[in-house]
Structures are given as C-alpha cells and as structure tokens.
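just to be clear, the model below is a prediction. Sequence and coordinates:
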Amino acid sequence: MSIASERLVEIRNQVQRHLDGNQSPKYNQIQKRSLVSRIKRQLKQEDAVLVAHYYTEPEIQALADETGGCVADSLEMARFGKDHSASTLVVAGVRFMGETAKILTPKKRVLMPTLEATCSLDIGCPIDEFSQFCDSNPERTVVVYANTSAAVKARADWVVTSSIALEVAHHLTDLDQPILWAPDKHLGDYVRRETGADILMWEGACIVHEEFKARGIHDLKHIYKDAALLAHPESPASVVEVADFIGSTSQIIQAAKDLPNQIFIIATDQGIFYKLKELCPEKEFLIAPTAGTGATCRSCANCPWMAMNELQSLTDVFSEPVQEIVVDEGLAKKAMIPLERMLNFSAKNH
Ligand code: SF4
C-alpha cells in the first residue's frame with residue numbers, strides 16, 4: 001500500500017471513529033436556549049467574539065450573527081479576527097483556522113470548541129514530506145492553501161484561500177514564476193486549467209468535496225432542468241466542468257443571490273445552506289449527490305470535523321479543559337509572512 005493510500009485509510013478511520021463515537025447531545029428547546037444564553041453571557045464577560053465558518057452547525061452560525069461575530073469563509077474569518085477589538089477570539093471551525101487567527105493576532109487569546117477538529121488536506125500534507133518536496137524543487141514559488149498546518153505555511157511563499165487562488169496564480173504567472181502547489185489537487189488542477197499557470201502538484205484532497213459525483217448531478221439536472229450548479233473548486237474536475245458557477249463559499253452565496261435561477265444544486269458542505277436560505281429565502285437549494293464507496297452518508301457533504309463544533313463544546317470553551325490554540329513563536333513569525341502577503345494582496349485586489 002502506498003504512503004498516500006495508507007494516509008487515506010487512516011483519515012477514513014479517523015472520520016469513522018468520530019462518527020461512531022459522536023453522541024451529539026440532542027437538545028430540547030429549553031436546553032438549547034439555556035446553552036445559547038450562557039454562551040452569550042460568557043462572550044461578554046470574557047471580552048470575546050465568535051468567528052464561525054459557513055460549514056458549522058446552523059445554531060452556531062446564528063449565535064455568531066446575533067452576538068456581533070462573523071460567519072464567513074476562511075479568508076474573511078482571518079481578516080475579521082485580525083481587525084476586531086476583542087481580546088479573545090472563539091473560532092468555530094477547524095484547527096488551521098484557529099492557528100491562522102493566532103498567527104495573525106499573537107497577542108489575542110484564541111479558543112476553539114475542540115482542538116481535535118482537523119481537515120483531510122492538513123493531515124495529508126505533513127511538514128517533513130512537504131519540506132522535502134519543496135527542497136527538491138527550489139526554483140518554484142511555494143503556494144499553499146489555507147487548509148494547512150502552521151509549519152507548512154511557514155515553509156511557503158504564499159498562502160491562498162479559494163477566494164483568491166486564481167488571482168494569485170495569474171499574478172505569479174505574469175511574473176513568470178513556476179508554482180509548487182499544495183495540498184489540494186482538485187483546486188490546483190482547476191487553477192492550472194483556468195490560468196495556464198505552471199503548477200507542480202501535491203496530491204491532497206478534501207474528503208467531503210471529493211465525494212461529489214458528476215453522474216448524480218447530471219441525473220438531478222435532468223429532473224430540475226432550470227437548476228444552476230454552484231460548485232466549490234475542491235470538487236473533482238468532472239463536477240467543476242459541468243458547473244454553472246465555480247467559487248469559494250462566499251462567492252457561491254453571492255452567485256445564489258445574483259443569478260436569476262430559482263433552484264440551485266450546491267456542491268459544497270451542507271452547512272452553507274443556513275446562509276443560503278437566510279439570504280435567498282425565495283430560492284430552493286439541493287445538495288449535489290454523492291455516492292462515495294469510502295464515505296458514509298453523514299460524511300458526504302458534511303464535514304465531520306466541522307461537525308465537532310457544538311453548542312455544548314462552545315459553552316465549555318472558557319472552562320476546562322483549556323481549548324486554547326498555541327503556535328510556536330518562531331513558526332508563527334515565519335507563517336505570518338505568506339499570510340500577510342495573502343491579506344495585503346486580497347485587500348489591493350478587491
Ligand atoms: S470540508 Fe474538507 S476542506 Fe473543509 S475542513 Fe472539512 S475536510 Fe477540510
């Protein structure tokens with residue numbers, strides 16, 4: 001079995017262990033209200049703000065909105081946390097988002113409902129192997145996706161999110177710089193096709209987006225003839241090729257608002273439906289079909305690591321066990337360089 005296959009099996013097992021052991025508390029309305037008011041009180045007392053990703057549970061997104069926090073993609077989460085005056089950031093998402101917040105705001109306390117929430121892209125790009133890959137290709141500009149560890153970011157020239165990946169690739173191509181791209185092969189492939197950039201690829205993938213199937217989408221479009229397919233570029237090429245719009249989570253939400261269609265097929269994590277329905281209540285959203293052999297129904301279109309963020313774990317975030325993100329100072333200084341490059345580039349180009 002190759003190293004990549006072994007890693008994939010390890011990831012699948014980790015996901016399954018989480019799903020098997022995930023005894024999510026089912027709250028009744030009274031319990032839910034009590035948890036929500038406790039979190040609101042704690043956020044105020046602790047001078048904290050809640051920064052949540054679009055893929056988290058609807059009640060967490062609602063809480064972030066109601067308490068003056070933000071619900072966003074990883075680029076906007078990073079920007080919001082950096083600019084906000086609160087001394088504590090509570091990041092509801094996966095670990096690399098907490099690490100990014102800590103790197104950008106080293107003086108702030110960064111807490112997460114769980115430190116175990118990771119990402120298959122992060123797991124699939126260990127620093128030792130990645131460093132060797134970079135060392136073997138010193139002529140290439142190293143561009144890494146935000147979904148990576150602090151150590152991998154520290155090794156990179158650029159960090160990108162899916163919101164600005166195309167623009168950065170165009171920019172580097174204009175400068176005649178060949179790219180070493182990691183870790184998402186589908187996003188990298190999409191960027192290469194769209195920009196013609198010279199890209200050498202790391203072979204990582206998101207276990208959620210990789211499960212979308214073009215065949216199932218084709219069948220769905222046959223039934224809903226006027227539906228537009230909005231796809232995240234972490235999806236396989238066969239899905240991206242038939243999409244009516246390709247973009248990051250925030251770009252998908254914008255497209256749903258702007259396009260005249262009444263029905264949309266969505267190829268990204270189902271968590272996004274909360275914002276889609278809130279912002280476009282008159283439109284209908286269908287999740288793109290998955291038919292993965294390795295994934296369970298719950299892992300398809302529903303990131304198991306994002307699902308680890310729950311109301312109960314949010315109420316525990318200020319008590320024990322301490323859920324604070326710590327990043328080695330030296331590493332953070334190095335990782336700060338490509339992260340700030342991304343934020344500055346994004347600010348100039350939007
Ligand atoms: S949805 Fe995919 S890319 Fe996003 S955190 Fe989960 S595994 Fe990572």
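That came in fine, so what should we check first? Numbers count the residues shown, from 1 in each chain.

count of neighbours near the residue in the stretch 151-300 of the chain that the ligand sits nearest to?
Here the stretch 151-300 of the chain gets closest to the ligand at one residue, residue 206, 3.3 Å apart by CB to the nearest ligand atom. All C-beta atoms are positioned from the backbone trio N, CA, C, and that covers glycine. Around residue 206 sit 24 other residues, with neighbours defined as other CB atoms under 10 Å.

how close does the residue nearest to it when sequence neighbours are not counted get to residue 181?
Distances taken as CB to CB, 6 or more residues apart in numbering place residue 234 nearest to residue 206, at 4.5 Å, with adjacent residues excluded. According to CB to CB, to the nearest Å, residue 234 and residue 181 sit 13 Å apart.

around the ligand, pick out the residues from the stretch 51-200 of the chain.
Selection of the stretch 51-200 of the chain residues close to the ligand by CB under 6 Å from any ligand atom yields 55, 94, 119-121, 147.

Throw those residues into JSON lines and include secondary structure, thanks.
Shown next, in JSON lines, are these (DSSP: H, G, I helix; E, B strand; the rest coil):
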{"residue": "55", "secondary structure": "coil"}
{"residue": "94", "secondary structure": "coil"}
{"residue": "119", "secondary structure": "coil"}
{"residue": "120", "secondary structure": "helix"}
{"residue": "121", "secondary structure": "helix"}
{"residue": "147", "secondary structure": "coil"}
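
which of those residues ranks first by neighbour count?
Using other CB under 10 Å as the neighbour test, those are led by residue 147, with 30 neighbours.

returning to what we had before: mind listing what the residue nearest to residue 206 touches?
162, 184, 186-187, 205-206, 208-210, 268 (CB atoms under 8 Å, 6 or more residues apart in numbering).

which residues in this protein form strands?
48-53, 70-72, 88-92, 109-111, 141-145, 158-160, 179-182, 199-201, 228-231, 245-246, 263-267, 284-287 (DSSP state E).

just give the nearest non-adjacent residue to residue 288, would you?
In space, residue 288 is closest to residue 267, 3.9 Å off (CB to CB, 6+ apart).

number of nearby residues for the residue nearest to residue 180 when sequence neighbours are not counted?
Leaving aside its chain neighbours, residue 180 sits nearest to residue 140 (3.9 Å; criterion: CB to CB, 6+ apart). As a burial measure, residue 140 scores 19 neighbours (other CB under 10 Å).

now swap in residue 148 and tell me
Neighbours of residue 148 under the rule other CB under 10 Å: 29.

that one reaches residue 183, doesn't it?
Yes: with contacts counted by CB atoms under 8 Å, residue 148 reaches residue 183, the gap being 6.3 Å.

overlap of the contact sets of the two?
The contact lists of residue 148 and residue 183 share 121-122, 125, where a contact means CB under 8 Å, 6+ apart.

list the buried ones in stretch 161-170?
Residues of stretch 161-170 classed as buried: 161-170 (neighbour count, 16 or more other CB atoms under 10 Å).

OK, contacts around the residue in the stretch 1-150 of the chain positioned nearest to the ligand?
Residue of the stretch 1-150 of the chain nearest the ligand, by CB to the nearest ligand atom: residue 119 (3.1 Å). Contact analysis of residue 119 by CB under 8 Å, 6+ apart lists 94-96, 147, 206, 303, 305.

repeat that with 10 Å
Listed by CB atoms under 10 Å, 6 or more residues apart in numbering, the contact set of residue 119 reads 11, 93-97, 125, 145-149, 183, 204, 206-208, 303, 305-306.

let's see the longest helix along the chain as PDB, backbone CA atoms only.
The longest helix of the chain (DSSP state H) is helix 329-349. Extracted in PDB, the C-alpha atoms of helix 329-349 (Å, rounded to 0.1, in the frame of the first residue of the first chain):
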ATOM      1  CA  GLU A 329       6.500  31.800  18.200                       C
ATOM      2  CA  GLY A 330       9.300  31.200  15.700                       C
ATOM      3  CA  LEU A 331       7.000  29.200  13.400                       C
ATOM      4  CA  ALA A 332       4.300  31.900  13.800                       C
ATOM      5  CA  LYS A 333       6.700  34.600  12.700                       C
ATOM      6  CA  LYS A 334       7.600  32.700   9.500                       C
ATOM      7  CA  ALA A 335       4.000  31.800   8.800                       C
ATOM      8  CA  MET A 336       2.900  35.400   9.200                       C
ATOM      9  CA  ILE A 337       4.800  36.400   6.100                       C
ATOM     10  CA  PRO A 338       2.800  34.500   3.500                       C
ATOM     11  CA  LEU A 339      -0.400  35.000   5.400                       C
ATOM     12  CA  GLU A 340       0.100  38.800   5.400                       C
ATOM     13  CA  ARG A 341       1.000  38.600   1.800                       C
ATOM     14  CA  MET A 342      -2.300  37.000   1.100                       C
ATOM     15  CA  LEU A 343      -4.300  39.600   3.100                       C
ATOM     16  CA  ASN A 344      -2.500  42.500   1.500                       C
ATOM     17  CA  PHE A 345      -2.900  41.100  -2.000                       C
ATOM     18  CA  SER A 346      -6.600  40.500  -1.300                       C
ATOM     19  CA  ALA A 347      -7.100  44.000   0.100                       C
ATOM     20  CA  LYS A 348      -5.400  45.500  -3.000                       C
ATOM     21  CA  ASN A 349      -7.400  43.400  -5.500                       C
END
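
what's in contact with that helix?
Residues contacting helix 329-349 (CB under 10 Å, 6+ apart): 75-76, 78-79, 82, 99-100, 102-104, 106, 127, 142-144, 146, 148-161, 163-164, 167-168, 170-171, 326-328.
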